[in-house]
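**Student:** Using only what follows, build the 3D model:
(2 chains)
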Amino acid sequence: MITVLQPGLLTTVQDLGRFGYQRFGVVVGGALDRFAARVANVIVGNDENAAVIECAQRGPELRFERDTLIAWTGADFGATIGGEPLPPDRAVRVHAGETISLGVARTGLRAWLAVAGGVDVPLVLGSRTTYRRGGLGGFAGRPLRAGDTLRGGEASDWSQSFQRRAGRVSTWSVRPQTLGKPAAAGAVRAMRGPEWDWFEADAQRVFFATEWTATKDADRMGVRLAGPALPQRTAREMISEGVADGVVQVPAGGGPIVLLPSRQTVGGYPRIAAVATVDLGRLAQLAPGRTIWFEEITVADAQGLYLARERDLNRVRTGLARLAS
Amino acid sequence: MRITPVGDAALRIELGEAIGETALQRVQAACAALDGTAIPGLVETVPAYTTVTVHYDPAAVAAAGASADDIVGWLAHRIERALVSASARSLRKGSTVEIPVCYGGEFGPDLERVAAQAKLTPEEVVRRHAAGHYLVHLVGFSPGFPYLGGMAPELATPRLARPRAQVPAGSVGIAGAQTGVYPLATPGGWNLIGRTPRRLFRPEENPPVLLQPGDRVKFRSITADEFGRLEVEK
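**Tutor:** Predicted structure coming up:
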């Protein structure tokens, strides 16, 4: 059992998303950086889709009522356990009665905390993800509040065996940002979007040549960027259709918006580009005022990067499985 | 039919140029065909007015035998093959759903605005809105939100210049030539003309929505008293 002493700014229970219901208009949601959440789960021996605790900007203070194993990944939060530093990307043993404080994001915005066995909340439409607007999923369909108590699921055999033998902090670490082939600092790799041809040649050039600034107009649905205008060749009305994570849509007379996992299921704005899945985590960490630039790659390139990162994660899994045997 | 990537984990299948029943039928046939075919790596399909968007997992597609540099081609080929059989399948027959609406008053604060725009009395707007035969073209925006075609053209009213921060669940609205119903309390810029006590999103049921593409909708004008009674029953 975990008691929420301080809830933090926007702390929610998330798994990898509520898939299969977009046709009914139900948003997918899930951890805003799914890969970082998967890695946190792998570190504590969980199923990758186990529910984790997502923190934004100011993390929660949590008291653990029984011994367990935890790991957190994401931005630089300066987390502590009993006042001592709680390093990211590592398996950490927590004893009954101990309190962790996730701290405050110093760079970036978000972090994911995995607990051995996962956070045990009911499945709603096949997922444990919090869907705030619908008031369902996660913990009571809402962000955590002080006094809430969360139940942990049953820890895996690996996790139990590791807990018996490990020290306070694992000697090894798995940093999600370093797996696969990370982009250069400040870069986000992106493909041409389905409506690329709708934009003026100059807009196409400018899109990949601009340093874009993240605005305050950002949430779990998307991030609006500030920069030069991206005019279309001719004013065309788009017929609404399905959208995807990472799609960069350009509303008339507004900055481009990169869609994130809590996006709507359909949209009606032309899409100049789409961010590669492997770089979506960077958008989840983009604090207002920070800048990024888009580096053009092909769809096959983006998929190659995705497969390379999956291979790396597979190697990590195999390595960790050996540790417990 | 044209298949184009939407990023590295989705494809868009184009099945028509314009909103209409022909496109809707093609979209529904395509979805039925994809639902009935096991395509490796396919996560889910999202039908819209003239398109179907297919979300997939590139790693699962590669694991099923696609070469890493031709995941899109491999998948597009299988989708095309599945769609060839689409016309032969029987479609889910849309049902006709009655939606009781209490028009005007506190439930329809923009009824006067719509009436002024149409140069009709509010009563006549209600009569014409409730007399329409509507077809669900798309479910999206929020869970169970139906985009309905078939509204009398004279009722068309531009969106509000300033969207409301909160539109109550059940609100019936008009935006341009479209009419729809808000299943959840969300921000929104549609002109609100009434409210229904029926729930359009009901996560405890399968399917979790009252209306699906292809369904027909009839609105029935009810009094505030009847609204109250129906609300208590639900």
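**Student:** Whichever residue of chain B sits closest to chain A - nearest residue in space that isn't next to it in sequence?
**Tutor:** For chain B, the residue closest to chain A is residue B:53, as judged by C-beta to the nearest C-beta, at 2.7 Å. For the C-beta atoms, the positions are set from N, CA and C on the backbone; glycine is no exception. Closest residue to residue B:53 apart from its sequence neighbours, by C-beta to C-beta, 6 or more residues apart in numbering or on different chains: residue A:242 at 2.7 Å.
**Student:** quick one: contacts for the one you found?
**Tutor:** A:22, A:265-266, B:6, B:10, B:12, B:46-48, B:51-53, B:55 (C-beta atoms under 8 Å, 6 or more residues apart in numbering or on different chains).
**Student:** circling back to that earlier point, report how many residues lie close to the residue of chain B closest to chain A.
**Tutor:** 23 (other C-beta atoms under 10 Å in any protein chain shown).
**Student:** quick one: secondary structure of it?
**Tutor:** In three-state terms, and counting by DSSP: H, G, I helix; E, B strand; the rest coil, residue B:53 is strand.
**Student:** can you give me the strands in the stretch 201-325 of chain A?
**Tutor:** Along the stretch 201-325 of chain A, counting by DSSP state E, counting those that start in this stretch, strands occupy A:212-218, A:222-226, A:241-242, A:247-249, A:257-259, A:266-267, A:271-275, A:291-296.
**Student:** Select, out of those, the one closest to residue B:100.
**Tutor:** strand A:266-267 (27.0 Å; C-beta to C-beta).
**Student:** What are the contacting residues of the closest one?
**Tutor:** A:25, A:240-243, A:247, A:249, A:259, B:46, B:48, B:138, B:140-141.
**Student:** what about stretch B:6-14, near chain A?
**Tutor:** Yes: Stretch B:6-14 reaches chain A (C-beta under 8 Å from any C-beta of the partner chain) through B:6-10, B:12.
**Student:** which other helices and strands contact the helix-or-strand element of chain A with minimal mean pLDDT?
**Tutor:** Among the helices and strands of chain A, helix A:157-165 carries the lowest confidence by mean pLDDT, DSSP states H and E, at a mean of 90. Counting contacts by 3 or more C-beta pairs under 8 Å, 6 or more residues apart in numbering or on different chains; DSSP states H and E, helix A:157-165 packs against strand A:68-76, helix A:299-324.
**Student:** What mean pLDDT does the longest one get?
**Tutor:** For helix A:299-324, the mean per-residue pLDDT is 95.
**Student:** does chain B sit close to that helix?
**Tutor:** Yes: using C-beta under 8 Å from any C-beta, helix A:299-324 reaches chain B at A:299-300, A:302-304, A:306-307, A:310.
**Student:** And stretch A:29-41, by the same measure?
**Tutor:** No: applying C-beta under 8 Å from any C-beta, one finds stretch A:29-41 separated from chain B by no less than 11.1 Å.
**Student:** Just the mean pLDDT for that stretch, thanks.
**Tutor:** Average pLDDT, stretch A:29-41: 98.
**Student:** How much space separates residue A:94 from chain B?
**Tutor:** 33 Å (C-beta to the nearest C-beta, to the nearest Å).
**Student:** re earlier: output the least confident helix or strand of chain A as PDB - backbone C-alpha positions only.
**Tutor:** C-alpha atoms of helix A:157-165 as PDB (Å, rounded to 0.1, in the frame of the first residue of the first chain):
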ATOM      1  CA  ASP A 157       9.100 -13.800  -9.100                       C
ATOM      2  CA  TRP A 158      12.100 -11.900 -10.600                       C
ATOM      3  CA  SER A 159      11.300  -8.900  -8.500                       C
ATOM      4  CA  GLN A 160      10.800 -10.800  -5.300                       C
ATOM      5  CA  SER A 161      14.100 -12.700  -5.800                       C
ATOM      6  CA  PHE A 162      15.900  -9.500  -6.700                       C
ATOM      7  CA  GLN A 163      14.600  -7.800  -3.600                       C
ATOM      8  CA  ARG A 164      15.900 -10.500  -1.400                       C
ATOM      9  CA  ARG A 165      19.500 -10.200  -2.700                       C
END
